Structure formats: C-alpha cells, structure tokens
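**Student:** Below are the sequence and a predicted model for it; my questions follow.
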Amino acid sequence: MKNCSPSKLILTSFSTRAAADTFLNLGNIDLYSFDYFGDLDLTEFVISSFSLKKQNLDFKTELLFKAIKEFLINNPDKQYNLIYGSDWDHKPELLNELEKIENLKLRGNSAAVISQLNKKETLIDLFQLAKSSGFKTPELFLKAKDLKKIKNKDIKDLIIKPYHSGGGLDLRVINSEKNFDYIFNEKKENFYLQEFIEGESRSCQFAADSTKAEILSFTRELKATNIDQKSENNFKYGGNILIKENEKERKIIRKFINKLTKKYSLQGINGIDYIKNEKGIFFIELNPRFTAAVELLRPIYQEELLNIYFSNQLTTNYLKKYLQQDLAFNIKAIYYAEKDFTVKKDLRDILEEIKKERINKLSSVFDLKIKDLPEIGEHFTAGEPVFTLLFKAENEKNYLEIKDLIFSDFTVYFRKLA
C-alpha cells in the first residue's frame, strides 16, 4: 500500500506553485495543493487546491496538516504521495503523523530524519561537518556565556537567528559592541547568534538517496533588497539566478553533501545556503526539503526531478549536464507590495500591455513569464509577495534593466490602486 506510484501527488508548503510547475506533466500524475496562497495559476492546473489565505486563516503548518488529513480520510480508497516544502522541515511531529496514514506515502526526508536535524546539537554538528569538508564557518553563540568569546574575536556584527527559520523573515543584524545578553533572556532558547558574514549569498541544490548525494545546481540568492532597494529586510527571500560554481568550491560542496547524506540519511531534493567572499565559502544553512529554486531546473532535468523522489536511484551525470548548459542569466525575481492595494485585473494582461509599450527595451529578454498570480479582488498589504517574474537575460546589466523596468511599471499601476 505504501509503495504507491506517483500518479497522485500532494504538494504542501508555504507556496506550492513552484513545485507544481516543476512536476506538471512529468509523467501521468495528478497534482493536489495545500498551501497558504492558492495562486490563480496554480489552481488552473491542479486537481484541487486548499488555500489558508482564501479561508482567511494565517499561515500555520498545523492547519495545512489538518486539511490534508481530512482530505485523505475523505478519500480512503485512493493512494497518494506527498512532497513537502518550506516550514514542514521544522515540523517533524506533523510529518510523523502523516507517515501513519495508510493511504499516504511521504517522499523526501522522513519524519525521523527531520526530527534529528531539528535538534540543537545537530546544528553544531552540521557546522563541524562543513568545516571538515573545507567550508569556512561563522562563529556561533548558542548561550549567553558564549558571548564572552566575542571580546577575543574580530566580529563586527551578529545575526539573531531562530532555530527554525525560513525565507529570511525572522533574521536581523545587531552590532557586536552592544549589550545583548537580553536576547537569551527574552528569546529564551528559540534563538541563537551567528557571526554576520559579508559576501554573496549562494545556494546549492542536490539530490540524495540516503547513502550518497549528487549536485544538481548552484544559484545566487537574491534578497528583497536586491530587487527593491527600499525594502527594509536585508534577508527576505527575493529569488534566484542560476550560476556555475568554480571547481574548487564544487569539490568542497560535493564532499560536504555526501557526508551529510551518509550521516543523516537524506533523501529527495535538498539545498544548502552559503556565503562566498574573498576568504572562501562559508556554510550557513541546510534546507532538507524541496526549495523554490528547483523550478529553474525543469528545462534541464525534466522527469529526472520526479525520479529523484520516486526511484531513489541517482544518476551521476546531473552536474555534467548542468555545467553544459548555456545558463545566461536565468532569473526568478519576486515582487513585493510597496503599499496596500487590491488587485483589479489579471496581472498577465498587465504584463502584455507592458511588453507592447516597451517592446524595444524588452527585445533582449527570453522566456518572460509571470507566476504566482493573485486573483482579481485579492488584497495585499505592504511587504507581501505579489507575483514572481521568470526570464532569461544576456548579462547582469541586462537583467537589472529588465527587472527594474517591469517592476517599476507594475509599481506605477499598483500605486493607482492604493
């Protein structure tokens, strides 16, 4: 019963649209979505979609779990698979309950693996494994008494990080010279301090089969401030650009992800975040679940992405195939609301109007798509993600010009609605 084929696949995350686009039409599968947004372009091709936002509910993974469980109870004669994304990797107790449901097969990392990765002692081990593989690592301060070390180290700034974070929403920087013992009193044991590392935010997506790992891709991670300089959050996720990493760094990363996979029995598609600067690469975080950047890989790997979850047999040519690609500037950029407004028109129609008016300036852009579409009548408050732009550009200068042009035109339109 549990070893069912991928014919019926449940996707659940804060936003499932990227995963749905990744797996759409890869084999004869039906897609079911349980997320917060329930985007218009998601509901157009999944069999059914449950949205917390459309239920006027705040995002809580517990509420998604409740909806999934009820759905499975109401369909006892059908077998389903499930692939999860953001926040579920912080809820091993909910994954454990899902694994008990007879007509559901969890794909990717098991509840036991996620439970182990969520332990505080594992955090230290991850950084030790990274260091032994060749990564540089930021200093960690897990307890108030650890702060005494700062006086003996050249550390200018620190990041307050929750043990369970995602999308950079709960991160902020503080100056190391200030008195911040209060953090460990006010935040108690839910937060820790990490040395702030200057440099370029990058990530690596990799496939794992519990014994070995293979690199799928590398991305430069965009923050909201890269998209809009007026953004107040330096860490909020803003998108990705596919890149090719140097051989030296690839060897370090390959060694690390194989150590991780062997020790913690990782499965499915996972990701690691790191910072690159003149000193080398610094390990920052492990994301043991499907990540939003994977949708950029669909043109490269096609059905191989689905096979990673269902055949549990990796091929050794992922990286070779990736490095052979002419990536150009393959971009995913998220537009965040500047002010409160209510959507009055299908954003695809607005993009078409922009393309007609700016045809000369957009002549060098390829595969321009607008995704994560809100429905007409949907309300947004300042700082919320509104839509995602996917496209290919010739170079970074070209990418910035195109992004700024399209986003500024949308901003002008949305200001009229505010």
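**Tutor:** Done, it's in.

**Student:** rest of the way, CA atoms for contacts and neighbours
**Tutor:** Fine.

**Student:** Pretty sure Asn28 sits in a helix.
**Tutor:** No. With DSSP: H, G, I helix; E, B strand; the rest coil as the criterion, Asn28 is located in coil rather than a helix.

**Student:** Over to it: give its phi and psi.
**Tutor:** phi -90, psi 80 (degrees, to the nearest 10).

**Student:** same thing with Lys251?
**Tutor:** According to degrees, to the nearest 10, the main-chain angles of Lys251 amount to phi -60, psi -40.

**Student:** In space, what's closest to Glu62 - neighbours in sequence excluded?
**Tutor:** Leu94 (7.4 Å; CA to CA, 6 or more residues apart in numbering).

**Student:** Output the lowest mean pLDDT helix or strand found in the chain.
**Tutor:** Every helix and strand in the chain was compared by mean pLDDT, DSSP states H and E; the lowest is helix 182-186, with a mean of 60.

**Student:** roughly how far is the helix or strand just after it from the heart of the chain?
**Tutor:** Following helix 182-186 in sequence order, the next helix or strand is strand 191-195 (DSSP states H and E). How far strand 191-195 lies from its chain's middle: 21 Å, per CA atoms, centre = their mean, to the nearest Å.

**Student:** on that earlier part again, just the element for the residue nearest to Glu62, please.
**Tutor:** Going by DSSP H and E, Leu94 is part of helix 92-99.

**Student:** which other residues reach that helix?
**Tutor:** Glu62, Phe65, Lys69, Trp88, Leu104, Lys105, Leu106, Ser110, Ala111, Ala112, Ile114, Ser115 (CA atoms under 8 Å, 6 or more residues apart in numbering).

**Student:** and the third one, what is it in contact with?
**Tutor:** For Lys69, the contact set (CA under 8 Å, 6+ apart) comprises Leu98.

**Student:** at 10 Å what do you get?
**Tutor:** Counting by CA atoms under 10 Å, 6 or more residues apart in numbering, Lys69 makes contact with Leu63, Asn75, Glu97, Leu98, Ile101, Leu104.

**Student:** quick one, phi/psi of it?
**Tutor:** phi -60, psi -40.

**Student:** any idea how far Ile114 is from it?
**Tutor:** Remark: distance between Lys69 and Ile114 (CA to CA, to the nearest Å) = 20 Å.

**Student:** can you check the first one too?
**Tutor:** With distances defined as CA to CA, the gap from Glu62 to Ile114 amounts to 16 Å.

**Student:** what about these two, which has more around it?
**Tutor:** Set Glu62 next to Ile114 and count neighbours by other CA atoms under 10 Å: Ile114 wins out with 22 against 12.

**Student:** who's in contact with the more buried one?
**Tutor:** Counting by CA under 10 Å, 6+ apart, Ile114 has contacts Trp88, Asp89, His90, Lys91, Pro92, Glu93, Leu95, Asn96, Tyr264, Leu266, Pro288, Arg289.

**Student:** From these, list just the buried residues.
**Tutor:** Trp88, Asp89, His90, Lys91, Pro92, Leu95, Asn96, Tyr264, Leu266, Pro288, Arg289 (16 or more other CA atoms under 10 Å).

**Student:** what about the nearest residue to Pro138 once chain neighbours are set aside, distance to Leu123?
**Tutor:** Distances taken as CA to CA, 6+ apart place Glu195 nearest to Pro138, at 5.2 Å, with adjacent residues excluded. Applying CA to CA, the value for Glu195 to Leu123 is 15 Å.

**Student:** Among the two, which residue is more densely surrounded?
**Tutor:** Higher neighbour count among Glu195 and Leu123: Glu195, with 21 against 16, using other CA under 10 Å.

**Student:** Hmm, the more buried one is touching Glu139, no?
**Tutor:** Yes. In this structure, Glu195 is within contact of Glu139 by CA atoms under 10 Å, at 5.1 Å.

**Student:** quick one: low-confidence parts of this protein?
**Tutor:** 1-5, 144, 147-149, 151-152, 164-189, 225-234 (pLDDT under 70).

**Student:** now the helices for it?
**Tutor:** For the chain, the helices defined by DSSP state H occupy 17-23, 40-43, 61-74, 92-99, 111-117, 120-133, 182-186, 224-227, 247-264, 298-301, 304-310, 318-323, 347-357, 396-417.

**Student:** Turn these into JSON lines, columns for distance to Ser33.
**Tutor:** As requested, the helices of the chain are arranged in JSON lines below (distance: least, CA to CA, whole Å):
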{"stretch": "helix 17-23", "distance to Ser33": "8"}
{"stretch": "helix 40-43", "distance to Ser33": "8"}
{"stretch": "helix 61-74", "distance to Ser33": "9"}
{"stretch": "helix 92-99", "distance to Ser33": "15"}
{"stretch": "helix 111-117", "distance to Ser33": "20"}
{"stretch": "helix 120-133", "distance to Ser33": "31"}
{"stretch": "helix 182-186", "distance to Ser33": "37"}
{"stretch": "helix 224-227", "distance to Ser33": "26"}
{"stretch": "helix 247-264", "distance to Ser33": "28"}
{"stretch": "helix 298-301", "distance to Ser33": "19"}
{"stretch": "helix 304-310", "distance to Ser33": "16"}
{"stretch": "helix 318-323", "distance to Ser33": "28"}
{"stretch": "helix 347-357", "distance to Ser33": "22"}
{"stretch": "helix 396-417", "distance to Ser33": "28"}
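
**Student:** Fine by me, we can end here.
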